[in-house]
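[1] Sequence plus predicted model, see below.
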Amino acid sequence: MLLEPIELAHQVADVISDKKGSDIVILDTGKVSSIADFFVIATVDSERQAKAVLDDIEKELKPHRKNPMSVDVESGSGWVLIDYGDVIVHIFNPITRDFYDLEDLWSNAPVVVRIQ
């Protein structure tokens with residue numbers, strides 16, 4: 001079963017939440033940009049947790065025949081980016097998230113969901 005972009009974004013947010021990610025936000029970027037329909041932004045406490053979240057997202061979406069177009073994981077960067085085309089997932093450590101402040105950069109994109 002193929003997922004609509006909003007369903008994909010919600011499923012990704014659920015996986016992140018299950019893996020104890022925090023401050024999870026889904027932004028409706030499709031309203032303000034052609035880059036993607038949705039951004040999912042979340043914070044994790046460690047590189048190990050980021051890797052576990054990435055692995056679980058890929059595992060959860062595989063039955064839906066949804067593979068990422070690209071995955072950018074650079075050790076020590078504090079940022080994992082998973083590009084599903086219509087949905088782009090940003091997993092940050094707290095310092096990197098504060099530095100890039102994507103929510104402020106995309107402040108005109110409506111917040112669909114916020115999970116503390």
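    Cool, got the structure. Residues are numbered from 1 along each chain as shown.
[2] Flag the shaky bits of the protein, pLDDT-wise.
    Residue ranges of the chain with pLDDT under 70: 1.
[3] Which stretches in it count as strands?
    Per DSSP state E, the chain carries strands over the ranges 22-27, 38-43, 70-73, 79-83, 87-92, 111-115.
[4] now the ones you listed as TSV including mean neighbour count and distance to residue 53?
    Every residue, glycine included, has its C-beta placed from N, CA and C. TSV is the format used below for the strands of the chain (neighbours: other C-beta atoms under 10 Å; distance: least, C-beta to C-beta, whole Å):
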stretch	mean neighbour count	distance to residue 53
strand 22-27	20	10
strand 38-43	24	8
strand 70-73	13	11
strand 79-83	19	8
strand 87-92	25	6
strand 111-115	14	14
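[5] Kindly reformat the ones you listed as JSON lines containing distance to residue 62.
    Output for the strands of the chain, formatted as JSON lines (distance: least, C-beta to C-beta, whole Å):
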{"stretch": "strand 22-27", "distance to residue 62": "21"}
{"stretch": "strand 38-43", "distance to residue 62": "18"}
{"stretch": "strand 70-73", "distance to residue 62": "14"}
{"stretch": "strand 79-83", "distance to residue 62": "13"}
{"stretch": "strand 87-92", "distance to residue 62": "15"}
{"stretch": "strand 111-115", "distance to residue 62": "23"}
